[in-house]
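Q: Below is the structure, and that's it, no one-letter string:
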């Protein structure tokens, strides 16, 4: 049997006695829909992480992720607390400013690239610089070589991606 219940109307009649206007109700409905979607995605991700940990622990015969709390549910919470409380360690001979600004120069362009699509090509070219700075900031030749390798990988990924985006843009403009 197909139900003819309109959830939006039920939501409206629930808030109508409180004296809200139709525009405010529309805003509440949009916020409510977004929150429900975010809640669903968050629960889905938590379940997938929980399943991945349970299966990996069973395959590798590890005790921790299977028995941390009921059915291993608390393991993700314990990992989050551990990550939040980690100490920020800077190498003794390293450059503190470069060591801390390198990861920021990697993350900021990634978030800025979501603003405007064509802005992505200009902003993403800053990422290899941040990778180099993070490797150089520790004043260790192996870390510098690792940063250099990561920058080379980033550049080798960006060139074909930029060419494919530009070819599509040229086709659309034409």
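A: Structure's in. What do you need? As the structure is a computational prediction, the values presented were derived from the model and not from experiment.
Q: so who does the residue nearest the centre of the chain touch?
A: In the chain, the residue lying closest to the centroid (CA atoms, centre = their mean) is residue 111, at 9.5 Å. If a contact means CB atoms under 8 Å, 6 or more residues apart in numbering, then residue 111 has no contacts. Heads up, the C-betas are built off the backbone N, CA and C, glycines and all.
Q: Using the three-state scheme, assign it.
A: helix (DSSP: H, G, I helix; E, B strand; the rest coil).
Q: Output the contacting helices and strands for the helix or strand hosting residue 168.
A: Using DSSP states H and E, residue 168 sits in helix 141-173. Here helix 141-173 touches helix 119-123, helix 127-136, going by 3 or more CB pairs under 8 Å, 6 or more residues apart in numbering; DSSP states H and E.
Q: so which of those gets nearest residue 174?
A: helix 119-123 (18.6 Å; CB to CB).
Q: right, so of the helices and strands packed on helix 141-173, which gets closest to residue 11?
A: helix 119-123 (37.9 Å).
Q: distance of residue 11 from residue 42?
A: 22 Å (CB to CB, to the nearest Å).
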